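Any chance you can model this:
(chains A, B and C)
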Amino acid sequence: MKPGHNYRIVTNNPLVRDILGQWYEIDYSDITYREVLVKVRDLIYAGHTLFTHPLSGSVKPNETPYKSILVSKVPGTYDMDGTELMSNAIIAFDKFKQLERHYADYHLRDFQLIDYSLLCSALDVDAVAGLSKRNPS
Amino acid sequence: MKLELGFIEIKDVQFSNECAVKDGILYVNPDQVKEFVYENDDVRQYLKSINFDIAKPGESVRITPVKDVIEPRVKVEGPGGVFPGVISKVDTVGSGRTHVLRGCAVVTAGKIVGFQEGIIDMTGPGADYTPFSKTLNVVMIVEPVEGTKQHDYERAVRFAGLRAATFLGELGRNVTPDEVKTFETYGIKEGLEKLPGLPRVGYLHMLQTQGLLHDTYVYGVDAKKIVATLLNPTETMDGAILSGNCVSACDKNTTYHHLNNPVVAELFEEHGKSINYVCNIITNENVYLADKQRSSDWAAKLAKLLDLDAVIVSEEGFGNPDADLIMNCVKNEKQGIKTVLITDEYAGQDGKSQSLADVSPLATAVVTGGNANMVINLPPMDKVIGTLDYVDIIAGGHAGSLQPDGSIDAELQIITGATNEMGFNRLSAR
Amino acid sequence: MSFRVVHYINQFFANIGGEEMAHVAPELREGAVGPGMAFNQQWKGEAEVVKTIVCGDSYFAEHEKEAKEQVLAWVKEAKPDLFIAGPAFNAGRYGYACANVALAVKTELGIPVLTGMYVENPGADLKDKVLMVATANSAAGMRKAAPAMAKLGLKLAKGEPLAASCVDGYMPNGVRVNFFEKERGAKRAVKMLIAKIKDEAFVTEFPMPNFDRVEPGKAIPDMSKAVVALCTSGGIVPKGNPDHIESSSASHYGEYDITGWDALTAEGWQTAHGGYDPVYANADPNRVLPVDVLRQMEKEGKIGKLHNKFYTTVGNGTAVASSKKFAEEYAQKLLKDGVQAVIMTST
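Numbering: from 1, shown residues only, chains lettered A, B, ... in the order given. This next block holds a predicted model:
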């Protein structure tokens, strides 16, 4: 596990909030995938450092509702590369056709799990072990 | 390192009371295969049932959702065995002799996660896009024990497929191959002596390593935990690299692709003629940005250390890996190592959007496997192996993708191997 | 039934004359003239040039609006299934006319259009908007160009979907189309690599987007002594737009003096830009060209001085080549005036 003191997780994934929220600062809100990208972009503008690639995962951005991105907890020097990655990510998001999709609860749980595990791989958190420590709240 | 591949042409696959390869026919007794597959703790614990079916080129058959495709092989001479560190012991492979049941494949099918994609059509327009419409497929339809977690299930299905392929490959051990080909690369000094003056070329092979269901294994090691390292190209032919990737059917590299890596094959074609094919550098595509920087730095460092003149870089996946692809390109170009990149595109359904999530003016030589967003109509098939339950929510699909008559309107993304980024196919775009 | 085609050519290909006759006004002729006959031959009756429009290149350049209107009126009346212009080869004004007249027919009348020219013809700037066949750089290339244009034209008239640019022979137009190559990707990659190693020509399958990045200049050590200028592509001009800077596709830029202005006012200034809602820029032009803030910084000694002139144009659809030309020119003026830093605002 990477040291948690400098990380903020921006997410709309309740699974990430419930598990990783036990060890990391979580910025959770019930917003869309695109809104997460925009929120992180604005944080990067404000001087936070981007730690994970915004288009992590092979599930395309118009397919999953969930996105979690790791940034620095506090603003520091301006992250030029991060800015570019975020704007490219939003451009990439916008090119995918917004599809009408009907998800059952278990699909949503699968999508949450994938997003969660991608983030865990960045944090060096054992995703499986984390699942068993899910915060009951 | 030198490896002989003995190709046994498989012309037909049939269910039978015995398991054997005779006169080019692969006879399969599903019960015997199953027995071998179940001799594994994960498989026993997590897989409720495994059913076998056969799909042949030209048949009106649709296989979905596809997880992995594996070619049966067996090591007949030299150290180690196929799929080292996973099925066989972890000895270094890639030398001696290996037999290949060419023309057939094991396909694992069955739902892992609710959106997992992958369609193989054995005939019709969809068949043109997947290489696995041309193989005789032994399909394993797998079902989990109730309550099995996705990651346990993925591992169990991965092992089940590899074990079945290993079992079938073993049937070719004592068969005389129809064709034998030798592949050999040299050490640095030896290469300079044997192939003086030829440009030194490497293959920078990017492995999908983002996390659960997005993983690749090298000698059993989860490749997101490696730093860039070297492989002899022949090691890949013995299964040193295998796929644990279940997402993005069109541009994920199945284990079959790793065994039959087309970049390795085509570089060997020119090896000793116009180039000196030195080795493969494997690197990963992690989510953490510092990992990307480290891995691409190390890959470039190895390329320089080996005095390479040029590298081919192949990608796996979309979005995040575009960043690694461009870093690998830029860092090599900047140190004077010429690059050619192989990728695919997500240019939108109308083809008008920016294809890659990252670009660079130094990427002057790019080969593309086509636009994965292209919309395709797949007519109904007489038989479905697996289930169509997920078509409406899998990658490239949408509500209404599955028509009442069984036809499918979806993006090319839905087809296994359609826009492969190792350059396995002829599909391209302009 | 044969598809009806209207063909646009210049005075040279209508056999009227060369440069000395480039002034001739548009003229409508029945049937095929010059290269149109080559198209007819290729089509073998499947399609036919029914009318030919001839226009002098100088006339088009100097009376673009009138020429376009006249052509559109004739084309509308002829109700063709296809409009073809050129091929123009390397003739710059002819290429410009072909591309622009074809674009007008496409957007105004919704009729499929096609032209042809050499890739470096300035008219080829419009290749993403108008389908173009790449030709040789002189009329000697007609033998190759005519069949290629005829074939593609027929496809357009029939309403068939386009194949990839390299298959159908048009200039890549930013729309990516899939097709099957003869060899697999890995083989193509190895061939490309060998060509690259040998410094031989090769064609990338995915050209990177056009990068025109400018390396940032060196940092200015002491801003409190620097002369700073403001420039904008947001179209800020004196009230009334005295130099008539176009609201889109600007053909020139303006140079204006702000001596004595502490801030821009709604009474004195406005935007000429047609690509965004002008209400907020007109209400407070400092929102686009921040004279107010720079004056403040000047007073506070944060910058040495705000340059007394600013340069402005409208970025809306303005060709990159034009923008470059503007900037190259006024950058020299800025240098001459001793300006050390420029803040360029966009909208």
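
count of neighbours near C:A272?
25 (other CB atoms under 10 Å in any protein chain shown). Backbone N, C-alpha and C define where each C-beta goes, glycine included.

Smallest gap between chain A and chain C, at which residue?
Residue of chain A nearest chain C, by CB to the nearest CB: A:M80 (10.5 Å).

can you give me phi and psi for that residue?
phi -60, psi -50 (degrees, to the nearest 10).

Could you report the neighbour count for it?
Using other CB under 10 Å, A:M80 is surrounded by 9 other residues.

May I have the predicted confidence score for it?
We have a pLDDT of 89 for A:M80.

Equivalent analysis for A:K60, please.
A:K60 carries a pLDDT value of 85.

pretty sure it contacts B:H398?
No. In this structure, A:K60 is not within contact of B:H398 by CB atoms under 8 Å, at 11.4 Å.

how about the helices in chain A?
A:14-20, A:33-45, A:80-95, A:105-123, A:127-132 (DSSP state H).

Among these, which one carries the weakest average confidence?
helix A:127-132 (a mean of 83).

these two touch, right, B:Q32 and B:N17?
No. Using CB under 8 Å, B:Q32 is not in contact with B:N17; the gap is 9.2 Å.

Look at the two and report which has more neighbours.
Taking neighbours as other CB under 10 Å, B:Q32 and B:N17 compare with B:Q32 leading, 14 against 8.

Does the more buried one fall in a helix, a strand, or a coil region?
Classification of B:Q32 using DSSP: H, G, I helix; E, B strand; the rest coil returns helix.

Can you give me the distance of it to chain C?
36 Å (CB to the nearest CB, to the nearest Å).

who touches that residue in this structure?
Applying CB atoms under 8 Å, 6 or more residues apart in numbering or on different chains to B:Q32 gives the contacts B:19, B:167.

Could you report the pLDDT at it?
97.

Let me see the contact set for C:A146.
With CB under 8 Å, 6+ apart, C:A146 has these contacts: C:35, C:38-39, C:41-42, C:87.

Sort out which of those residues are buried, if you could.
Buried members of the contacts of C:A146, scored by 16 or more other CB atoms under 10 Å in any protein chain shown, are C:35, C:38-39, C:42, C:87.

Restricted to strands, list the residues you listed.
Using DSSP state E, no member of the buried ones among the contacts of C:A146 sits in strands.

Tell me which entries of these lie within helices.
C:35, C:38-39, C:42.

Export these as CSV, with columns for pLDDT.
As requested, those are arranged in CSV below (pLDDT from 0 to 100):
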residue, pLDDT
C:P35, 93
C:A38, 95
C:F39, 96
C:Q42, 95
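
Check which residues of stretch B:290-298 are buried.
Quick answer for stretch B:290-298 (16+ other CB under 10 Å): B:291-292, B:294-298.

returning to that earlier point: among the ones in helices among the buried ones among the contacts of C:A146, which pair sits farthest apart?
C:P35 and C:Q42 (10.8 Å; CB to CB).

Same list (the ones in helices among the buried ones among the contacts of C:A146) but as JSON lines, adding distance to C:G235.
Output for those, formatted as JSON lines (distance: CB to CB, whole Å):
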{"residue": "C:P35", "distance to C:G235": "41"}
{"residue": "C:A38", "distance to C:G235": "46"}
{"residue": "C:F39", "distance to C:G235": "43"}
{"residue": "C:Q42", "distance to C:G235": "47"}
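
For chain C, what's its nearest residue on chain B.
Nearest residue of chain B to chain C: B:G423, at 2.6 Å (CB to the nearest CB).

shouldn't that residue be in contact with C:M192?
No. Using CB under 8 Å, B:G423 makes no contact with C:M192, being 10.4 Å away.

With neighbour numbers in mind, choose between those two.
Each of B:G423 and C:M192 has its neighbours counted (other CB under 10 Å); B:G423 has more, 31 against 24.

Count the residues that sit near B:P404.
6.

Same check on the one 3 residues further on?
Counted with other CB under 10 Å, residues neighbouring B:S407 total 14.

got it, and A:D30?
With other CB under 10 Å as criterion, A:D30 counts 7.

before we move on, what about B:Q349?
14.

try the one 3 residues further on
Residues within reach of B:K352, counting by other CB under 10 Å, total 13.

Name all residues that make contact with it.
B:K352 sits next to C:174-176 when contact means CB under 8 Å, 6+ apart.

Residue numbers of the stretch 1-150 of chain B in contact with chain C?
Residues of the stretch 1-150 of chain B found near chain C (CB under 8 Å from any CB of the partner chain) are B:D128.

10 Å instead?
Counting by CB under 10 Å from any CB of the partner chain, the residues of the stretch 1-150 of chain B close to chain C are B:128-129, B:131.
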